[in-house]
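Engineer: A predicted structure for the sequence below; I have some questions about it.
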Amino acid sequence: MPIPYPFSNTRKRSRNRGLKIACLAGLLLPALADSAEPIILDDAAVANLGIEVVDTEYRDFAQTLFAVGRIEPIPSRKSFLSSRVPGRIKAVYAHEGDVVSAGQTLVEIESLQPGNPPPRIRLDAPQDGMVMQSHTHLGKPVAPDSELFEIIDLREVYAVARLPEDQAGALQLGSHAEIRVAALGDQRFDGTLARFGTTANAASGTIDAYFVIENPDSRIRPSMRAEFSLLIGTKSDTLSVPKDAIQSDGINRFVFVEDFSLPNAFVKAPVKIGAQNEQYAEVLSGLFPGDSVVTKGSYALMFAGGGSISLKEALDAAHGHEHNEDGSEMTAAQKATQQHEQQAAAGGSGSGPLTLFLGILSGLLATLLLLCALKLKSQR
């Protein structure tokens with residue numbers, strides 16, 4: 001009967017542990033092999049792409065709601081000019097687009113009342129504002145129910161946002177919005193919520209929100225398209241990055257993170273994004289505070305792999321000694337093997353023609369010797 005080995009259980013546990021480690025390695029190695037290698041650029045490429053980086057950090061994150069809408073005149077700032085007596089237009093002193101003042105004469109009417117000459121009546125602007133519509137010209141008949149001019153004071157206007165009904169409850173009268181009018185470029189206007197629409201749009205599920213904005217130079221005109229950024233809350237200590245850093249391949253979102261040791265090296269890092277506002281995106285996973293992410297030039301980095309230098313070249317330059325193609329440090333044995341292969345390749349390429357020549361010469365000599373031997377045999 002064999003004597004049991006006192007450490008047999010320990011060896012069995014060691015074998016099991018080794019099998020587990022091997023299995024884990026088998027699972028991890030393919031994942032590591034599939035991980036994206038860094039994109040490494042030279043100084044010229046970085047300058048040409050205009051690469052800029054910022055640090056990922058915790059900040060107060062403004063939760064905003066984006067909406068679109070139009071500019072509308074404030075009804076209390078709109079007026080019409082008409083005549084109380086019938087007649088005919090004899091003189092016109094204002095046209096569409098003119099800015100007029102209250103009491104300024106806009107038109108003269110020749111009355112149909114008897115007289116020689118017939119009496120003339122001057123009609124003055126009822127308020128300050130811009131002539132938006134003119135329905136008159138010389139000689140046109142005028143009736144008491146005719147609207148001659150439409151005048152709107154545009155120094156204040158409504159910016160009407162179409163808000164989803166489920167989001168309107170986050171706002172209250174007096175709430176502020178940052179408004180961009182598309183026709184005026186990137187200029188921003190501050191709007192104050194004055195009222196909501198009387199009814200909701202059942203088809204779109206929206207309700208109008210009326211924001212008052214100042215327009216002292218009357219550059220904002222009715223029916224212009226407006227974009228709204230509405231503050232609906234603030235989250236403190238939120239890890240976030242500029243929206244310019246976020247890129248997508250159509251399915252996944254990712255950023256390019258600057259390598260902490262290699263110069264001009266950037267690693268593609270998948271990220272999970274939460275809430276967004278006009279400037280920043282909340283990062284739920286994929287980054288740590290202090291990670292330097294690429295903002296300007298991040299889109300171009302997606303196409304920069306072809307002209308970048310290799311990982312081996314970058315590591316060799318950064319650390320001053322040789323590395324393998326996968327980035328690992330080259331051992332002494334690997335260096336010796338590499339040198340031997342290089343010498344063999346150099347020697348083989350240099351002696352190839354000479355070897356061929358010597359082979360042909362040897363064949364010729366062997367043939368001559370054989371012929372000589374045959375000739376001597378025949379003579380004997």
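Structural biologist: Looks like it came in fine.
Engineer: Pass me the low-pLDDT residue ranges in the protein, would you?
Structural biologist: Scanning the chain with the threshold set as pLDDT under 70 gives 1-36, 305-321, 323, 325-328, 344-355, 380.
Engineer: Pick out the residue nearest the middle of it.
Structural biologist: The centre of the chain sits closest to Asp244, judged by Cα atoms, centre = their mean, with a distance of 4.7 Å.
Engineer: residues contacting that residue?
Structural biologist: Counting by Cβ atoms under 8 Å, 6 or more residues apart in numbering, Asp244 touches Thr295, Lys296, Ser298. All C-beta atoms are positioned from the backbone trio N, CA, C, and that covers glycine.
Engineer: for the second one, helix, strand, or coil?
Structural biologist: Judged by DSSP: H, G, I helix; E, B strand; the rest coil, the three-state class of Lys296 is coil.
Engineer: unless I'm mixing things up, it is touching Ile51, no?
Structural biologist: Yes. Applying Cβ atoms under 8 Å as the test, Lys296 and Ile51 come out as touching, 6.9 Å apart.
Engineer: Could you check which of the two has the larger neighbour count?
Structural biologist: Neighbour totals were compared for Lys296 and Ile51, and Ile51 leads with 21 against 15 (other Cβ atoms under 10 Å).
Engineer: and the more buried one, which of the three is it?
Structural biologist: Judged by three-state DSSP, the three-state class of Ile51 is coil.
Engineer: Repeat that for the one 3 residues further on.
Structural biologist: In terms of secondary structure, Val54 is strand; the call rests on three-state DSSP.
Engineer: Next, count neighbours for it.
Structural biologist: Using other Cβ under 10 Å as the criterion, Val54 is surrounded by 16 other residues.
Engineer: Not counting its neighbours along the chain, what's nearest it?
Structural biologist: For Val54, the nearest residue in space outside its immediate sequence neighbours is Thr295; the separation is 5.6 Å by Cβ to Cβ, 6 or more residues apart in numbering.
Engineer: What are the neighbouring residues in contact with that neighbour?
Structural biologist: Listed by Cβ under 8 Å, 6+ apart, the contact partners of Thr295 are Glu52, Val53, Val54, Pro242, Asp244, Ala245.
Engineer: do Asp60 as well
Structural biologist: Contacts for Asp60 (Cβ under 8 Å, 6+ apart) come out as Thr234, Lys235, Ser236, Asp237, Thr238.
Engineer: in which helix or strand would I find Ala62?
Structural biologist: With elements taken from DSSP states H and E, the one containing Ala62 is strand 57-73.
Engineer: Just the CA atoms of that strand, as CSV, please.
Structural biologist: Listed next in CSV are the C-alpha coordinates belonging to strand 57-73 (Å, rounded to 0.1, in the frame of the first residue of the first chain):
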residue,chain,number,x,y,z
GLU,A,57,-12.5,67.5,-13.3
TYR,A,58,-15.4,67.8,-11.0
ARG,A,59,-17.5,70.9,-11.4
ASP,A,60,-21.0,72.3,-10.8
PHE,A,61,-23.0,70.9,-13.7
ALA,A,62,-25.8,73.0,-15.1
GLN,A,63,-28.7,70.8,-16.3
THR,A,64,-30.3,72.6,-19.2
LEU,A,65,-33.2,72.0,-21.6
PHE,A,66,-32.8,72.8,-25.3
ALA,A,67,-35.7,74.1,-27.3
VAL,A,68,-36.5,75.9,-30.5
GLY,A,69,-39.0,78.6,-31.4
ARG,A,70,-39.7,81.9,-33.0
ILE,A,71,-39.6,85.6,-32.4
GLU,A,72,-43.0,87.3,-32.0
PRO,A,73,-44.0,91.0,-31.3
